[in-house]
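K.L.:
just coords:
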């Protein structure tokens, strides 16, 4: 089983429990992995402090990383708080504005940092 630790950039203003609930309530996502809240300490990344807030334990075998990334982006974009932010900033309501940066960890897990793409 592959474990993904997910961190959200502060400017996304994501409520982690909303992400975990949305992931686990979506059958396509839930069939691939289970999301849980994580209480890791803050991590310094790219001059911003982000918190590792969610864990995905992927139990489906042979799943491409891009499939996981697409489901994460779709879940994030559909969160009510993110939808409000997109509307306020007049950004199209699709996942094109997100980027996922992966950092392989010594324990074999993967840290995925969800950020807003640079323009």
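P.N.:
Ah, there it is. All values derive from a computational prediction rather than experimental measurement.
K.L.:
use CA for all of it now, contacts and neighbours both
P.N.:
OK.
K.L.:
residue contacts, residue 2?
P.N.:
Shown in contact with residue 2 (Cα atoms under 8 Å, 6 or more residues apart in numbering): 57, 58, 59, 108, 109, 110.
K.L.:
which among those gets closest to residue 99?
P.N.:
Of all these, residue 99 sits closest to residue 110, with 15.3 Å by Cα to Cα.
K.L.:
So what's the residue count around the closest one?
P.N.:
When neighbours are defined as other Cα atoms under 10 Å, residue 110 has 19 of them.
K.L.:
quick one: contacts for it?
P.N.:
2, 3, 4, 5, 102, 103, 104.
K.L.:
do that again at 10 Å, thanks
P.N.:
Residue 110 is in contact with 2, 3, 4, 5, 6, 55, 56, 101, 102, 103, 104, counting by Cα atoms under 10 Å, 6 or more residues apart in numbering.
K.L.:
Considering the residues you listed, which possesses the most neighbours?
P.N.:
residue 56 (26 neighbours).
K.L.:
so how far is residue 24 from it?
P.N.:
Computed as Cα to Cα, to the nearest Å, the residue 56 to residue 24 distance reads 10 Å.
K.L.:
quick one: low-confidence parts of the protein?
P.N.:
Applying pLDDT under 70 to the chain flags residues 1, 39-52, 59-63, 93-95, 119.
K.L.:
quick one: the strands in this protein?
P.N.:
Here the chain has its strands, by DSSP state E, at 2-8, 33-37, 42-45, 48-58, 98-104, 110-116.
K.L.:
could I get the ones you listed as a markdown table with distance to residue 78?
P.N.:
Formatted as a markdown table, the strands of the chain follow (distance: least, Cα to Cα, whole Å):
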| stretch | distance to residue 78 |
| --- | --- |
| strand 2-8 | 15 |
| strand 33-37 | 16 |
| strand 42-45 | 25 |
| strand 48-58 | 17 |
| strand 98-104 | 12 |
| strand 110-116 | 14 |
